[in-house]
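Student: Compute the structure for the input listed below.
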Amino acid sequence: MSYFKHHVFFCCNQRNAGDTCCNNHQASALQTYAKERSAALGLKGKGSVRVNTAGCLGRCDDGPVLVVYPDNVWYTYVDKEDIDDIIDNHLLHGRIVERLRLPEDAA
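Tutor: All right, here's what the predicted structure looks like:
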């Protein structure tokens, strides 16, 4: 069994001005929000959820993006409501949020 049930990586890459990147879409602020909300729901720690920042995940053109492991589900999002949907459905109840899911071949 893995140490965490889910590991969530937010691409928080910041590229040069004019280049597409996730951090141009509030990725860092929304990662902080996801981390704090997960903790408030009691999802933090061993056997539960870990929310981390990541450098470039290679999908900034699809972004902003996050990936949930070990499920290997990639999401895009716009705002806190989208992050709430991912937390409430995927992390709490194991239901993939299809409206936010990125196709596996969309790289």
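Student: going forward, measure contacts between C-alpha atoms and count neighbours the same way
Tutor: Will do.
Student: for residue 85, what are its contacts?
Tutor: Contacts here follow C-alpha atoms under 8 Å, 6 or more residues apart in numbering; on that basis residue 85 touches residue 97.
Student: Check whether residue 3 really touches residue 49, as I assumed.
Tutor: No. Checked against C-alpha atoms under 8 Å, the pair residue 3 and residue 49 is beyond contact range at 9.3 Å.
Student: Which of the two has more residues huddled nearby?
Tutor: Taking other C-alpha atoms under 10 Å, residue 3 and residue 49 do not tie; residue 49 has more neighbours (24 against 12).
Student: The more buried one - nearest residue in space that isn't next to it in sequence?
Tutor: Among residues not flanking residue 49 along the chain, residue 6 sits closest, at 4.8 Å (C-alpha to C-alpha, 6 or more residues apart in numbering).
Student: Can you give me the neighbour number for the one you found?
Tutor: 22.
Student: For it, give its distance to residue 69.
Tutor: Distance of residue 6 to residue 69, given as C-alpha to C-alpha, to the nearest Å: 6 Å.
Student: Mutual contacts of the two, please.
Tutor: Common neighbours of residue 6 and residue 69 (criterion: C-alpha under 8 Å, 6+ apart): none identified.
Student: so what pLDDT did residue 50 get?
Tutor: Looking at residue 50, its pLDDT reads 96.
Student: What would stretch 9-27 look like as PDB? C-alpha coordinates only.
Tutor: In PDB, the C-alpha atoms belonging to stretch 9-27 read as follows (Å, rounded to 0.1, in the frame of the first residue of the first chain):
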ATOM      1  CA  PHE A   9       0.500  17.500  -8.300                       C
ATOM      2  CA  PHE A  10      -0.300  21.000  -9.500                       C
ATOM      3  CA  CYS A  11       1.800  22.300 -12.300                       C
ATOM      4  CA  CYS A  12       3.000  25.700 -11.000                       C
ATOM      5  CA  ASN A  13       5.500  26.300 -13.700                       C
ATOM      6  CA  GLN A  14       6.300  30.000 -14.600                       C
ATOM      7  CA  ARG A  15       7.700  30.600 -18.100                       C
ATOM      8  CA  ASN A  16       9.000  33.800 -19.700                       C
ATOM      9  CA  ALA A  17       6.500  36.500 -20.400                       C
ATOM     10  CA  GLY A  18       4.300  35.600 -23.400                       C
ATOM     11  CA  ASP A  19       4.900  31.900 -23.100                       C
ATOM     12  CA  THR A  20       2.000  29.600 -22.100                       C
ATOM     13  CA  CYS A  21       2.200  28.300 -18.600                       C
ATOM     14  CA  CYS A  22       0.000  27.100 -15.800                       C
ATOM     15  CA  ASN A  23       1.100  29.700 -13.300                       C
ATOM     16  CA  ASN A  24      -0.400  32.400 -15.600                       C
ATOM     17  CA  HIS A  25      -3.800  30.900 -14.600                       C
ATOM     18  CA  GLN A  26      -3.400  31.200 -10.800                       C
ATOM     19  CA  ALA A  27      -2.100  27.700 -10.400                       C
END
